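In: Here you go, sequence then predicted model.
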Amino acid sequence: MTPSPSRAKRTMKHTEKLYDNDAYATSFSATVLEITPIKISETCSDVYDLVLDKTLFFPEAGGQTSDKGIISPESDSNAIFEVIHTSIENDIIHHTISAHTTSELHPGDIVSGEINFELRYNNMQQHTGEHIFSGIVHKIYGYDNVGFHLSEDIVTMDYNGEFTKHQISELEICANEAIVACHPITCYYPSDKELENIDYRCKKELTGPIRIVHIDDIDDCACCAPHTKNTSEVGLLKIVGYERYKGGSRFTIVCGTRALKDYRVKQKICTNASSVLSVPYTELEEAVSSLLKERNELRQKLHNMNMTEISQTAEKSSKRFLIIDTDDDGAVRNGVNILMEKSDTPCGIFFGNDKDGYRFILGHKNGDARELITRLKESFECRGGGKPQMVQGQVFTSYDDLNKFTDNLS
Ligand SMILES: [Zn+2]
């Protein structure tokens, strides 16, 4: 493959954006202007930067990820170049293509391209949903959309204002009413004079011709991306997240097929949880709260039992060091206090099991318990620390070896 002239030598002014006129077109023909190797590898596919005279591939811009798809030379339609990313620089669109063929592309070749329309349409639904929502937010509250991110799994929208729970719920209802109303959506380049009379939303200072996305009486916004031709095609807009963000707020939404996918996941979770808990899904919240309450009560009961058992063991034991299978720190600490009251010499409790290691709380009423950690470290993998009177940490060894060690300490 012959590298093309460098970008600096290029004389073309811009790439013709075919998606501007028809967001629903899926295939096109174009002429190769430049083809530049980016990575040639023995092990993975060769990757090139391809510039065409025109394209349907929407580049990553304005917070939206790019279109993907395939390109083939018209002379050999079986030769596939995968378009893995598209970007725009100085109004020229660059396709990053990965070669799945031994065929080559050269400047002057005619190619046919096909975009992944499932991905494109999904993006159109999310992006149009954002316009509807931001238009309504702007009309009702006067807040601006100051950030937008649309990737293959997330849509976030940032506003320079915050909302109450009630307002969030009302906004979602308003947006879905606008979707159902099937408002027409038009994208056009108004003249400078026309533009003066349009009150449009815009995130940044724009240069060059301004493309307006007009949604009936809902919204006018400067935007370069493909949108659906009416609001109904958005299908459904669901807010799935809201947080305070940089002095304003951030919404996470799903629209159209993503909303359906989200509903399916949540429906499955609800159905499974309902089945496990044997309650209708409408009673799930109550059932989970009651389970949590029950669990906390049982934990408290268990803790009380541990306190009694470990206290009694500590009181009755003739040993100064105990090894107990429990994870109840509170009960262990209480047991160590009892051992310390009984003895002026070092004492303490190791608790846990061979698999996860043994945690310990050790004390020395009239000496320095930290010496015990030094001795543990001489024999085992051990970490820990504390004050002279009491130390805590973890040691990794077996019950038998730990037992021998504590017998020698005693
Ligand atoms: Zn837009």
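Out: Great, that's in hand. Residues are numbered from 1 along each chain as shown.

In: For the closest residue to the ion within the chain, list the residues it contacts.
Out: Distances between the chain and the ion by CB to the ion are smallest at Cys223, namely 3.0 Å. Just so you know, the C-beta spots here come from the backbone N, C-alpha and C atoms, and that holds for glycine as well. Residues near Cys223 by CB atoms under 8 Å, 6 or more residues apart in numbering: Gly62, His127, His131, Cys187, Arg211, Ile212, Val213.

In: Let's see the ChimeraX selection covering just the buried ones among those residues.
Out: Only the buried members of the contacts of Cys223 enter the following ChimeraX selection, criterion being 16 or more other CB atoms under 10 Å:
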select :62,127,131,187,211,212,213
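
In: Of the contacts of Cys223, which belong to helices?
Out: His127, His131 (DSSP state H).

In: from the contacts of Cys223, which has minimum pLDDT?
Out: Note: of these, the lowest pLDDT belongs to Gly62, at 80.

In: Double-check that residue against Cys224; I have them as touching.
Out: Yes: counting by CB atoms under 8 Å, Gly62 touches Cys224, with 6.3 Å between them.

In: on that earlier part again, output the contacts of Cys223 as TSV; include the columns distance to the ion.
Out: Formatted as TSV, the contacts of Cys223 follow (distance: CB to the ion, whole Å):
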residue	distance to the ion
Gly62	7
His127	5
His131	5
Cys187	9
Arg211	9
Ile212	10
Val213	6
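
In: now Ala222, which residues is it bridged with?
Out: Beta-bridge pairing for Ala222 (DSSP bridges): Ile212.

In: give the contact list for it.
Out: Tyr200, Arg201, Cys202, Lys203, Leu206, Ile210, Arg211, Ile212, Val213.

In: Who does Gly248 form a beta bridge with?
Out: Under the criterion DSSP bridges, Gly248 forms beta bridges with Tyr245.

In: how far away is it from Tyr141?
Out: For Gly248, the distance to Tyr141 equals 11 Å [CB to CB, to the nearest Å].

In: Same check on Asn366?
Out: Applying CB to CB, the value for Asn366 to Tyr141 is 69 Å.

In: Give the residue from these two that has the larger number of neighbours.
Out: Set side by side, Asn366 and Tyr141 show more neighbours around Tyr141, with 15 against 11, by other CB atoms under 10 Å.

In: surely that one meets Gly161?
Out: Yes: checked against CB under 8 Å, the pair Tyr141 and Gly161 is within contact range at 5.9 Å.

In: Quick check: neighbours shared by those two?
Out: Joint contacts of Tyr141 and Gly161 (CB under 8 Å, 6+ apart) do not exist.

In: any residues touching stretch 354-364, and which ones?
Out: By CB under 8 Å, 6+ apart, stretch 354-364 touches 321, 323, 329, 332-333, 336-337, 339-340, 345-352, 369, 371-373, 376, 384, 388-399, 402.

In: mind listing the helices for the stretch 251-400 of the chain?
Out: Counting by DSSP state H, counting those that start in this stretch, the stretch 251-400 of the chain has helices at residues 256-277, 284-316, 329-342, 370-379, 399-409.

In: ugh, wrong one, I meant the stretch 1-150 of the chain
Out: Going by DSSP H, counting those that start in this stretch, the stretch 1-150 of the chain shows helices at 18-21, 117-141.

In: Taking their axis directions, the longest one and helix 256-277 sit at what angle?
Out: Meaning helix 117-141. In terms of direction (axes from the mean of the first three to the mean of the last three CA atoms, to 10 degrees), helix 117-141 departs from helix 256-277 by 90 degrees.

In: so how far is helix 117-141 off the chain centroid?
Out: Relative to its chain's centre, helix 117-141 lies at 20 Å (CA atoms, centre = their mean, to the nearest Å).

In: same for it, what does it pack against?
Out: Contacts defined by 3 or more CB pairs under 8 Å, 6 or more residues apart in numbering; DSSP states H and E place helix 117-141 against strand 145-150, strand 155-159, helix 165-180, strand 212-215, strand 219-222, strand 237-245, strand 248-255, helix 256-277.

In: Compute the inter-axis angle for the third one and helix 117-141.
Out: Relative orientation of helix 165-180 and helix 117-141, computed by the same axes, to 10 degrees: 130 degrees.

In: Give me the contacts around helix 165-180.
Out: In contact with helix 165-180 (CB under 8 Å, 6+ apart) are residues 129, 132-133, 136-137, 140-141, 163, 215, 218, 231-232, 234-239, 242, 251.

In: That one - what's its average pLDDT?
Out: For helix 165-180, the per-residue pLDDT averages 98.

In: do the same with the longest one
Out: Looking at helix 256-277 alone, the average pLDDT works out to 96.

In: before we move on, what about the first one?
Out: Along strand 145-150, the predicted confidence averages to a pLDDT of 95.

In: what's that strand packed up against?
Out: helix 117-141, strand 155-159.
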